[in-house]
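*Asks:* How does the following fold in three dimensions:
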Amino acid sequence: MSTAPDTAPAAPAPDPKRGGGDEEQQKLPLFALLALATAVFITCLTETLPAGLLPAMSEDLRVSQSATGQTVTVYAIGTALTAIPLTAATAGWQRKKLLLTAMAGFALANTVTAVSSVYELTMVARFVAGVAAGLAWALLAGYARRLAPVHLQGKAMAIAMAGIPVALSLGVPAGTFLGDWLGWRVAFLSMTALTVVLLVWIFAGVPDFPGQARGERPKLLRTLTIPGVSPVLFVTLVFVLAHTILYAYIASYLKDLGLEGHTGLILLVFGAASLASIWIVGAQINRRLRGLTVGGALLFAVASLILAVLSDTTALVYVAAVLWGLGWGGVPTLLQTAVGDAGGESADAAQAMLVTLWNVAMAGGGIVGGILLDTLGSESFPWAVVLLLLPVLAVVLYARKAGFPAARPGAGAVEEQTEAEGEAVVPAS
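*Replies:* Just a heads-up that it's a prediction; the model follows:
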């Protein structure tokens, strides 16, 4: 695995479509970024919503709960199989058109899921949702970057990626409650309704950007040779694998600790800490990209060690949940920023690879966690996390010149110049 040359890539020039004046270049387009955050929320919640609705879904579909659980697996498979080829095939599309297409895919898939009484049709719909997710994940991070001037790109991505912890900490419990109250089909139809609102929001309030001209489109495999891309992809694979091993089986782990009644509250604490992490990362990512990534891995490792050796104290389990959330919450923003910076003109291709590996890691975490649970018991989860985080830390520290530089190339200098000139950053409505 190679590191970058000594010279860092230049910061991208401001996009004229973001506004031409100096004052305009200091604004965050919050209306558009919140639309992207909602798209992230829908993408994440569509994947995880069945987890809280399995008993009712399995009864209506007349299959076992384990078979119904495969609706999550087939979603991840759809994403992993199609993210890279679809990103390549749609590289020339206008970005808004592509985002609208992806969101329309969610509306269609969630509607079919809500009305289907046939297991096979439901699985097809979930696969289609996964395909839409592959398009969305590969597109959203780059879209957020292009909406903001270079010194605000980290904050822009943090706002867009805030949809992930909101979906996991609030969306899943809310969807489960709605499903218990009005039925699981209503929960999926509510996702369709939200998506329709978002389609109007995107159409009316999100700027458009061009795709890549045919001669400018990068070769996907060649993207791996760009300095810094491979280290970020490796860290993504292993970091997400470690997280998924623990997160996917957290209910089983807590049950074995005698804390099954605490699962919802612990996940809420984790989600709140994740939101705090996103805020911190958004504020500091331009100047402390590597430090934040190292800090996130260390916090997760400390949380895992607490769970490994001190889990007999309930209060410390909650402390571990806080540290885990603080360590993990900003990771999607950090990794997508890192791979986008390293990829440069090939950022969309690099993002597609990251999306694919992310979903491979999620599927792998479920498999590895299941094997560990059956062979060594749930108490092995924290130790497995610690072991996996060691190479994560090593690669982040090794890829100092590209992949995980101390600060984002060019962004810190622009920030310092802006502060020196006394220009306030004003959120745009």
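*Asks:* Now name the helix or strand holding the residue nearest to Leu310 when sequence neighbours are not counted.
*Replies:* Leaving out its chain neighbours, the residue that sits closest to Leu310 by CB to CB, 6 or more residues apart in numbering is Leu316, at 4.7 Å. All C-beta spots, glycine's among them, are computed from the backbone N, C-alpha and C. Assigned by DSSP states H and E, Leu316 belongs to helix 314-328.
*Asks:* helices or strands up against that helix?
*Replies:* helix 263-284, helix 289-309 (3 or more CB pairs under 8 Å, 6 or more residues apart in numbering; DSSP states H and E).
*Asks:* Can you report how many residues lie near Thr223?
*Replies:* 25 (other CB atoms under 10 Å).
*Asks:* mind starting the numbering at 629 from now?
*Replies:* Got it, the first residue is 629 from now on, which makes the last one we talked about Thr851.
*Asks:* Surely it is in contact with Ser974?
*Replies:* Yes: counting by CB atoms under 8 Å, Thr851 does reach Ser974; the two are 4.5 Å apart.
*Asks:* Need the residues touching each of the two.
*Replies:* Val857 (CB atoms under 8 Å, 6 or more residues apart in numbering).
*Asks:* still on that earlier bit, relative to Ala870, which of the helices and strands packed on helix 942-956 is closest?
*Replies:* helix 917-937 (7.2 Å; CB to CB).
*Asks:* how far does the closest one sit from the chain's center?
*Replies:* 18 Å (CA atoms, centre = their mean, to the nearest Å).
*Asks:* what does stretch 800-809 give?
*Replies:* 22 Å.
*Asks:* mind checking how far the residue nearest to the spatial centre of the chain is from Trp1011?
*Replies:* The centroid of the chain falls nearest to Pro960 when counting by CA atoms, centre = their mean (4.6 Å). Distance, Pro960 to Trp1011, using CB to CB, to the nearest Å: 25 Å.
*Asks:* Next: Ser880.
*Replies:* 16 Å.
*Asks:* Contacts only, for Ser745.
*Replies:* Ser745 neighbours (CB under 8 Å, 6+ apart): Asp688, Leu689.
*Asks:* Okay, it and Ala879: tell me how far apart.
*Replies:* Applying CB to CB to Ser745 and Ala879 gives a distance of 28 Å.
*Asks:* same question, Ile830
*Replies:* For Ile830, the distance to Ala879 - CB to CB - is 35 Å.
*Asks:* What is the neighbour count of the residue nearest to Leu938?
*Replies:* By other CB under 10 Å, neighbour count at Leu944 equals 15.
*Asks:* Surely it is in contact with Ile934?
*Replies:* Yes: in terms of CB under 8 Å, Leu944 counts as a neighbour of Ile934; the distance is 5.5 Å.
*Asks:* what's the domain layout of the chain?
*Replies:* 650-841, 854-1050 (automatic domain parsing).
*Asks:* and these as TSV, adding mean pLDDT?
*Replies:* TSV is the format used below for those (pLDDT from 0 to 100):
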stretch	mean pLDDT
domain 650-841	86
domain 854-1050	87
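*Asks:* pretty sure Gly1005 belongs to a helix, no?
*Replies:* No: read with DSSP: H, G, I helix; E, B strand; the rest coil, Gly1005 is coil and lies in no helix.
*Asks:* Around the closest residue in space to it that isn't next to it in sequence, how many other residues sit close by?
*Replies:* Closest residue in space to Gly1005, ignoring its immediate chain neighbours: Asp884 at 7.2 Å, by CB to CB, 6+ apart. Using other CB under 10 Å, Asp884 has 16 neighbouring residues.
*Asks:* What separation do you get for Asp884 and Ser1006?
*Replies:* 5 Å.
*Asks:* Also Lys783?
*Replies:* Where Ser1006 is concerned, Lys783 sits at a distance of 38 Å (CB to CB).
*Asks:* So for these two, which sits in the more crowded spot?
*Replies:* Set side by side, Lys783 and Ser1006 show unequal neighbour counts under other CB under 10 Å, the larger going to Lys783 at 23 against 19.
*Asks:* The more buried one touches Val909, doesn't it?
*Replies:* No: under the criterion of CB under 8 Å, Lys783 is not in contact with Val909, lying 9.1 Å apart.
*Asks:* List the residues that contact the closest residue in space to Trp1011 that isn't next to it in sequence.
*Replies:* Using CB to CB, 6+ apart and skipping the chain neighbours, the partner closest in space to Trp1011 is Ala936 (5.5 Å). Contacts for Ala936 were tallied using CB under 8 Å, 6+ apart; they are Glu1007, Pro1010, Trp1011, Val1014.
*Asks:* Now flag whichever of the residues you listed is closest to Ala769.
*Replies:* Distance to Ala769 across these (CB to CB) is lowest for Val1014, with 28.5 Å.
*Asks:* burial measure for the residue nearest to Asp976 when sequence neighbours are not counted, as a count.
*Replies:* Among residues not flanking Asp976 along the chain, Gly770 sits closest, at 5.4 Å (CB to CB, 6+ apart). By the measure other CB under 10 Å, the count of residues near Gly770 is 20.
*Asks:* ok, now Met819?
*Replies:* 25.
*Asks:* tell me the contacts of it?
*Replies:* Ile670, Leu673, Thr674, Leu677, Phe734, Asn738, Gly803.
*Asks:* Strands of the protein, start to end?
*Replies:* 655-657, 1054-1056 (DSSP state E).
*Asks:* Val759 and Thr707 touch, don't they?
*Replies:* Yes: with contacts counted by CB under 8 Å, Val759 reaches Thr707, the gap being 7.2 Å.
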